[in-house]
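Trainee: just a sequence and a predicted model for now, questions to come.
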Amino acid sequence: MADAWHHRSDALSSIGSFIGIIGARFGYLILDSIASIVIAIFIVKAGIEIFIDTTRKMTDEACDEKTVNRIYEVINKQNGVKRIDDVKTRKFGNKIFVDVEISADGEKTLNETHKIAENVHHAIEKEIEFVKHCMVHVNPYEEK
């Protein structure tokens, strides 16, 4: 993203210089200053946008609500899931890491509940774009 903005700022600088030179040739010296200010504003704006985007990606920002809702939908489709206890997401770069806690029948064997967790894991990684890894924890479900 920074490299793309670098190319844009080069193009804007060239255009601004051209406008300033043409303006000076026709007696409008102020055009050079105006073009310089506009270019500086674009460069500062790009720098701020890159800084904000990078900060969000490096501080484990959670996914947007639409993605989280989609994760809930995928989990709810899986056989054996009695309840979703918790879903946590974090973005790192353009990848998503997902931590899920689900409840399954407490009377099932360890192998059976492990298979349920595996199905949830694979479904999330397959159906949700950019998910790098999904960790699933299974709690015993007890009716109250």
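Mentor: Okay, I see it.

Trainee: for the helix or strand that contains residue 98, buried residues please.
Mentor: Applying DSSP states H and E as the criterion places residue 98 in strand 95-105. Neighbour counts over strand 95-105 (16 or more other CB atoms under 10 Å) mark 96-98, 100, 102-105 as buried. Glycine gets a C-beta too; all of them are placed from N, C-alpha and C.

Trainee: partners of it in the sheet?
Mentor: strand 83-92 (antiparallel), strand 131-141 (parallel) (DSSP bridges).

Trainee: helices or strands up against the next helix or strand after that strand?
Mentor: The helix or strand immediately downstream of strand 95-105 is helix 110-127, counting by DSSP H and E. Packing partners of helix 110-127 (3 or more CB pairs under 8 Å, 6 or more residues apart in numbering; DSSP states H and E): helix 65-76, strand 95-105, strand 131-141.

Trainee: so can I have JSON lines of the ones you listed showing mean pLDDT?
Mentor: Formatted as JSON lines, the helices and strands packed on helix 110-127 follow (pLDDT from 0 to 100):
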{"stretch": "helix 65-76", "mean pLDDT": "95"}
{"stretch": "strand 95-105", "mean pLDDT": "95"}
{"stretch": "strand 131-141", "mean pLDDT": "94"}
